[in-house]
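*Asks:* Just the structure for this:
(4 chains)
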There are 4 protein chains.
Amino acid sequence: MSHNTFGHLFRVTTWGESHGAAIGCVVDGCPPGIRFTLAEIQADLDRRRPGKSRFVTQRRELDEVKVLSGFVFDEDGVTMISTGTPISMVIENTDQRSKDYGEIARQYRPGHADYAYDVKYGIRDYRGGGRSSARETATRVAAGAIARKVVPGLVVRGALVAMGDKKIDRANWNWNFVDDAENPFFTPDPESVEVFSDYLDGIRKSGSSVGALIEIVADGVPAGLGAPLYAKLDQDLASNLMSINAVKGVEIGNGFEAAGMTGEQNADEMRMGNDGNPVFLSNNAGGILGGISTGQPVVARFAVKPTSSILTPRRSIDKDGRDVDVMTKGRHDPCVGIRAVPIGEAMVACAIADHYLRHRGQTGK
Amino acid sequence: MSHNTFGHLFRVTTWGESHGAAIGCVVDGCPPGIRFTLAEIQADLDRRRPGKSRFVTQRRELDEVKVLSGFVFDEDGVTMISTGTPISMVIENTDQRSKDYGEIARQYRPGHADYAYDVKYGIRDYRGGGRSSARETATRVAAGAIARKVVPGLVVRGALVAMGDKKIDRANWNWNFVDDAENPFFTPDPESVEVFSDYLDGIRKSGSSVGALIEIVADGVPAGLGAPLYAKLDQDLASNLMSINAVKGVEIGNGFEAAGMTGEQNADEMRMGNDGNPVFLSNNAGGILGGISTGQPVVARFAVKPTSSILTPRRSIDKDGRDVDVMTKGRHDPCVGIRAVPIGEAMVACAIADHYLRHRGQTGK
Amino acid sequence: MSHNTFGHLFRVTTWGESHGAAIGCVVDGCPPGIRFTLAEIQADLDRRRPGKSRFVTQRRELDEVKVLSGFVFDEDGVTMISTGTPISMVIENTDQRSKDYGEIARQYRPGHADYAYDVKYGIRDYRGGGRSSARETATRVAAGAIARKVVPGLVVRGALVAMGDKKIDRANWNWNFVDDAENPFFTPDPESVEVFSDYLDGIRKSGSSVGALIEIVADGVPAGLGAPLYAKLDQDLASNLMSINAVKGVEIGNGFEAAGMTGEQNADEMRMGNDGNPVFLSNNAGGILGGISTGQPVVARFAVKPTSSILTPRRSIDKDGRDVDVMTKGRHDPCVGIRAVPIGEAMVACAIADHYLRHRGQTGK
Amino acid sequence: MSHNTFGHLFRVTTWGESHGAAIGCVVDGCPPGIRFTLAEIQADLDRRRPGKSRFVTQRRELDEVKVLSGFVFDEDGVTMISTGTPISMVIENTDQRSKDYGEIARQYRPGHADYAYDVKYGIRDYRGGGRSSARETATRVAAGAIARKVVPGLVVRGALVAMGDKKIDRANWNWNFVDDAENPFFTPDPESVEVFSDYLDGIRKSGSSVGALIEIVADGVPAGLGAPLYAKLDQDLASNLMSINAVKGVEIGNGFEAAGMTGEQNADEMRMGNDGNPVFLSNNAGGILGGISTGQPVVARFAVKPTSSILTPRRSIDKDGRDVDVMTKGRHDPCVGIRAVPIGEAMVACAIADHYLRHRGQTGK
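*Replies:* Sure, this is the predicted structure:
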């Protein structure tokens, strides 16, 4: 990754701040002939959209995406077909609630990027978090909606598997439940909804916040994507997921658990299947061996820290070097990890689409 | 990262296989005027070198590095001064023990890259693991030795903090002990040596292997390195560390633990120090906020899986699609995580050196 | 360059087609604190704008640029100050004259990209030339307006020095005349206006077209930009200028003439100046020696071919492989080279801004 | 291009100075399964090698290349097969004639990079020109020998078409003569040998030097390589050729001549051929339309300036700011353009191989 562009052949450049006129992205390198509709992109965006339940920020944004370039309409006038030129997508900012930013402009919120920004650039757009607002992630979701189409048969799904100290029961895992209308958490475990609801209501009412753990599973990833060392598929998954705001850790397959295991426990044995294709007897590796996909589902998890926007005053300093106590009012997610699920899916889809094209470039497969 | 090159302004390209004539790297973009000696690079390489204790592979390699370009000698005839042109370093392979590779050539070792390689490339150098041999990591250590010099005041140190299910006691942390002659594990806890020794002797004698957890701490990282979103310092740390063989997870600061915390617990409060500089009262963020270094120590951890080279036969298949049982004989590390410590340091140093130059490029600071 | 992005630290990504909703660019990596106004960008765009004289296409576009991100307003509410985050600029397409594209959609215009596009992508937006329309160059000019501000003291100017077989008299060179209201050609030679006018009127009336030669001169380029071999400043100038539509040749300093000269003729001698700085006694090298700027003016020239959009029927084929005769009606520039002057300036400014940041990154200067 | 690496999917990194221990390159991204022999690479190197006639520098280098990685031997023990991992090639410097560099170390030779280097880096390896020595080009030729194999059916040939003010007669063009043993100039015109010999003998004896014009023709380039705007094939040809020492101009097809032509003259008309494939009736475009190859031969030309190493004293300054007169003694090419022919071929082959893989990546063709 370099600056605000990621990917090598399937490249995404994003731009925009929370309270500017708009946010957007340019998807470059998309193969020609990829078919998609505005409704499909919008559906992905709607999954990430704030204001859908009491558990996410009450900022109201329609997140209505426009596609400005890089396609021609099919004869139906609805289906867009990529032409191989850059696809520019823009989302206007409609709910930049006007307010007094006096304190936020000068005070460094603990755990936020405020201080680091000012040290680096000497200037920043502090309104709503500026460039580091979670709002920017909408553009990734839009790009991911295209990426999902690039690899035939690819299905990328995500789920929240822990919130604070509450965990799902993996025995109850049900992908169909993740996007259920009664499920405000993207949890795959129906029984967890009540637990998470009670827990997060308490967090929310106390003006606190809490972290989360997200798992992304990509099915249909062809074997052979990635490279032995410096273009490992797991590297780009790690980099893409770590680029999401508030993410502090990434793991593939068994991940950190593997550090505590023996070689016997961790190896994925193989046998020839009845259809003449190799069958793995387990997937500790998360679908990636030696940096290269094996054809098994690719499994990545990432840890989202609790947002530092909390009601309890925290000690900090301001631009003038004075000690201050900072308390964050306003519209915030008590658990930013919830909305990170579709974002994580998008970032994984982009990484896989990029490696699919890179693999095809080098090997012709 | 792209292909076998990593970094944007401080760029490292590595090449070489386990049993070819040599391995090496090209360090490109190094600022002119950086002073280093062959002995310094060699000292870093010696820390990683195999054959130093019974706990690491008995392959005997001198790992003698040659610097072929990119410098002029100072008047002392010993100190090398970078000229700003590419620094090429080569290490000859001297212990390519000749043997019959019949089975390894055809059988896919479970948990190894063998199968994925063949699917991707259709051809591979199977001798000693080829490109994915741990041997390649020597070139990273050589590059890291240069990187350490690029940022004034930078000190990058690493330590093994867990091996299998055994952990160090952080209360005993002693950096000076890490490179102690009596310490074959890079552990910072003197009391852990006996525990790890006994544990790993058991693993080794049973022909098994075990994973490990490594922590890297970079002191002296200037505030301001990184970027808000897609050139986050944590992203490049994650990508660099994930590029090391057998690494399956990376975290920054609190990392995965943050997912289980509240905003109150996780925020790093600040106060003005007596010297007029900001003081952070904790370092949950691992020295990085919003993708940008804060001036605190940068802390990263990574999980190394147990090597899949074990004596216990594992089920697998061969190139012809036949079911086979694979048992790995030969010289192997019972815990590859041990030697990952200097490698992790090198990769962190390279990421920081690169961001130091990028920050200077954009901001002039 | 990679895909639709150019530059390494000062990076520009452009998008958009002639007859889509809009065109635009993202300028990424701009240093923070660069001050600019919308009026300044617009002024550069107005120089390139079509419809200003009978010698350029009569397409009427206001080319009104909007800046959507990457800045904060200064207290005057007019001056924009870059924040170091991506600057997104958009120009709406307002004059997409509706018409029947029946023939253009199916016929390959000789000398145009139509055939090559279809072979490459299998699909294309043929309306107005799609992605390869000269309209796209407006986005480069907008990016260049920012680039000009990045290097203190940099002044980039361009001039048309030949049109078809008519040349200017360099003895009459007057930079002030280039943007004179009475000068529709960006020629620096006042006496050439009548010659060019008569010549181009003839070309235009006969439905023909003609090529041109453009010279760009950058004053105030600090010494030291570029690199000995693969990041030569002349390389990026060549690549940037060659990326402009219809450009078929680029040269630096004496350029092709140098091939016919002796070493004595071509060398630029030096002497120490009275102010203690080196003085070059000539500038055959065009301000670049060994890929690195010398502090002299940087001089580049590029050749623009005549547009292939002409009234005279030309032999060609169509999508179905049938022989056809193609005649291009519609609004076209009889000499596209005229409007290439501000575009060339912009591309040179972008290359220099990028190298300025790269040089600062590597050397700290 | 970035630093000392060029190409995106077929990437070449070069390193080394004239008088260091060795020079070399790393070819990364080569498809697996490409078959080549050491003898083939050596044959290309021998074409570029100095000391073959009185018209090129008398420096004696065997230029013996070693391939250190990235291949396995085929069963014949001679044919190398690429494995998809980096191919490292090294050429030792054997004729670093020891001498007193006193003056060269301090004086800036006019027309050379000496002054620009010192301004940029503050330090340089002045021995034999250091990094900017023509010797470095051997590594490009080695890389090009691999590149030639990547695109099935690709044939890249070059020829010297002008030397100083002497030109070949294109009517005599004979590709077979270019590598004839009686032809020390890579000229395609047998009748030009005597002219060039007499001319260059005069130049050489007078201690002067002269420029040259080189033409490269690539046959067998598939249609579809390149992109409409910023990844134009002509851009990368221009950048690659401009990266060669002493090159000051590049053109494609008609090039600068097109600036003086009308649209009628310059357009390449088409007709359907008897075999059902399109036939171009001319090739003014040099095989590239709108940045994309058309299937016609790709034609590029570049201008090489006369080397500034001449016997006639030239005015200059030294490191201490003193006026000096500089005269270059030693082994030099009176016309460096001669040996630029195989170098130009190599750089064109690398650009085409890279675009071939990029095109395959994006489109699957």
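
*Asks:* out of everything not next to it in sequence, what's closest to residue A:334?
*Replies:* residue A:204 (4.2 Å; Cβ to Cβ, 6 or more residues apart in numbering or on different chains). (Each C-beta comes from the backbone N, C-alpha and C, glycine too.)

*Asks:* ditto for residue A:327
*Replies:* Using Cβ to Cβ, 6+ apart, the nearest residue to residue A:327 is residue A:313, at 4.5 Å.

*Asks:* burial measure for that neighbour, as a count.
*Replies:* 13 (other Cβ atoms under 10 Å in any protein chain shown).

*Asks:* For it, which phi and psi angles does the backbone take?
*Replies:* phi -60, psi 140 (degrees, to the nearest 10).

*Asks:* contacting residues for it?
*Replies:* A:325, A:326, A:327 (Cβ atoms under 8 Å, 6 or more residues apart in numbering or on different chains).

*Asks:* Excluding covalently adjacent residues, which one is nearest to the second one?
*Replies:* If the residues on either side of it in the chain are set aside, residue A:326 comes closest to residue A:316, at 4.7 Å by Cβ to Cβ, 6+ apart.

*Asks:* Would you quantify the distance from the one you found to residue B:291?
*Replies:* 19 Å (Cβ to Cβ, to the nearest Å).

*Asks:* With residue A:209 instead?
*Replies:* According to Cβ to Cβ, residue A:209 and residue B:291 sit 19 Å apart.

*Asks:* more crowded one of the two?
*Replies:* Neighbour tally, residue A:209 and residue B:291, criterion other Cβ under 10 Å: the higher count belongs to residue A:209, 32 against 26.

*Asks:* So, low pLDDT: which residues of the stretch 251-365 of chain A?
*Replies:* Low-confidence segments of the stretch 251-365 of chain A (pLDDT under 70): A:330-331.

*Asks:* all helices for the stretch 151-300 of chain A, in order.
*Replies:* For the stretch 151-300 of chain A, the helices defined by DSSP state H, counting those that start in this stretch cover A:175-178, A:192-205, A:233-242, A:263-266.

*Asks:* Residue A:278 bridge partners, please.
*Replies:* residue A:272 (DSSP bridges).

*Asks:* could you list every residue that touches it?
*Replies:* So residue A:278 contacts A:270, A:271, A:272, A:295, B:115, B:317, B:321 (Cβ under 8 Å, 6+ apart).

*Asks:* so which strand or helix has residue A:325?
*Replies:* According to DSSP states H and E, residue A:325 maps onto strand A:323-326.

*Asks:* and residue A:93, how many neighbours?
*Replies:* Neighbours of residue A:93 using other Cβ under 10 Å come to 20.

*Asks:* quick one, what contacts it?
*Replies:* Counting by Cβ under 8 Å, 6+ apart, residue A:93 has contacts A:16, A:18, A:19, A:20, A:21, A:22, A:23, A:61, A:135.

*Asks:* again, 10 Å this time
*Replies:* Residue A:93 makes contact with A:16-23, A:61, A:63, A:128, A:133, A:135, C:68-69, according to Cβ atoms under 10 Å, 6 or more residues apart in numbering or on different chains.

*Asks:* Then residue A:136?
*Replies:* Contacts of residue A:136 by Cβ under 10 Å, 6+ apart are A:4, A:14-18, A:23-25, A:129-130, A:244-245, A:343, B:228-230, C:69, C:85.

*Asks:* For chain B, what's the nearest residue on the stretch 151-300 of chain A?
*Replies:* Closest approach between the stretch 151-300 of chain A and chain B, counting by Cβ to the nearest Cβ: residue A:290, at 2.2 Å.

*Asks:* closest point of the stretch 251-365 of chain A to chain C, which residue?
*Replies:* residue A:357 (11.2 Å).

*Asks:* In this structure that residue contacts residue A:28, no?
*Replies:* No - using Cβ atoms under 10 Å, residue A:357 is not in contact with residue A:28, being 11.5 Å away.

*Asks:* Overlap in contacts, the two.
*Replies:* A:7, A:9, A:10, A:11.

*Asks:* Present the residues you listed as JSON lines; the columns should include distance to residue D:361, secondary structure and neighbour count.
*Replies:* Shown next, in JSON lines, are the shared contacts of residue A:357 and residue A:28 (distance: Cβ to Cβ, whole Å; DSSP: H, G, I helix; E, B strand; the rest coil; neighbours: other Cβ atoms under 10 Å in any protein chain shown):
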{"residue": "A:7", "distance to residue D:361": "12", "secondary structure": "coil", "neighbour count": "24"}
{"residue": "A:9", "distance to residue D:361": "5", "secondary structure": "coil", "neighbour count": "26"}
{"residue": "A:10", "distance to residue D:361": "9", "secondary structure": "coil", "neighbour count": "29"}
{"residue": "A:11", "distance to residue D:361": "12", "secondary structure": "strand", "neighbour count": "24"}
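
*Asks:* pLDDT added to those residues, as TSV?
*Replies:* Listed next are the shared contacts of residue A:357 and residue A:28 as TSV, based on pLDDT from 0 to 100:
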residue	pLDDT
A:7	96
A:9	97
A:10	98
A:11	97
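
*Asks:* contacts with chain C among these, please.
*Replies:* A:7, A:9, A:10, A:11 (Cβ under 10 Å from any Cβ of the partner chain).

*Asks:* Contact partners for the closest residue to the second one other than its chain neighbours?
*Replies:* What that stands for is residue A:9. Among residues not flanking residue A:9 along the chain, residue A:357 sits closest, at 3.8 Å (Cβ to Cβ, 6+ apart). Residue A:357 sits next to A:7-11, A:29-31, A:150-151, A:225, D:9, D:358, D:360-364 when contact means Cβ under 10 Å, 6+ apart.

*Asks:* rewinding a little: which ones among the contacts of residue A:136 lie within strands?
*Replies:* A:14, A:15, A:16, A:23, A:24, A:25 (DSSP state E).

*Asks:* And for the closest residue to residue A:315 other than its chain neighbours, the neighbour number?
*Replies:* Leaving aside its chain neighbours, residue A:315 sits nearest to residue B:269 (4.1 Å; criterion: Cβ to Cβ, 6+ apart). For residue B:269, the number of neighbouring residues by other Cβ under 10 Å comes to 17.

*Asks:* my guess is residue A:321 meets residue B:272, correct?
*Replies:* Yes - counting by Cβ under 10 Å, residue B:272 is a contact partner of residue A:321 at 5.3 Å.

*Asks:* who's in contact with the residue nearest to residue A:153 when sequence neighbours are not counted?
*Replies:* In this structure, residue A:153 finds its nearest non-sequential neighbour in residue A:220, 3.9 Å apart by Cβ to Cβ, 6+ apart. Residues near residue A:220 by Cβ under 10 Å, 6+ apart: A:151, A:152, A:153, A:154, A:155, A:156, A:295, A:297, A:298, A:352.

*Asks:* Residue A:28 reaches residue A:13, doesn't it?
*Replies:* Yes - counting by Cβ under 10 Å, residue A:13 is a contact partner of residue A:28 at 7.0 Å.

*Asks:* got the CA coordinates for stretch A:223-235 in PDB?
*Replies:* C-alpha atoms of stretch A:223-235 as PDB (Å, rounded to 0.1, in the frame of the first residue of the first chain):
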ATOM      1  CA  ALA A 223      -5.800 -22.400  -5.100                       C
ATOM      2  CA  GLY A 224      -2.500 -20.600  -6.100                       C
ATOM      3  CA  LEU A 225      -3.200 -17.000  -5.100                       C
ATOM      4  CA  GLY A 226      -0.300 -15.300  -3.300                       C
ATOM      5  CA  ALA A 227       3.400 -15.900  -3.300                       C
ATOM      6  CA  PRO A 228       6.000 -17.600  -1.100                       C
ATOM      7  CA  LEU A 229       7.400 -14.600   0.600                       C
ATOM      8  CA  TYR A 230       6.700 -11.000   0.000                       C
ATOM      9  CA  ALA A 231       3.500 -11.100  -1.800                       C
ATOM     10  CA  LYS A 232       1.900 -13.600   0.500                       C
ATOM     11  CA  LEU A 233      -1.900 -13.600   0.400                       C
ATOM     12  CA  ASP A 234      -1.900 -13.400   4.200                       C
ATOM     13  CA  GLN A 235       0.300 -10.300   4.200                       C
END
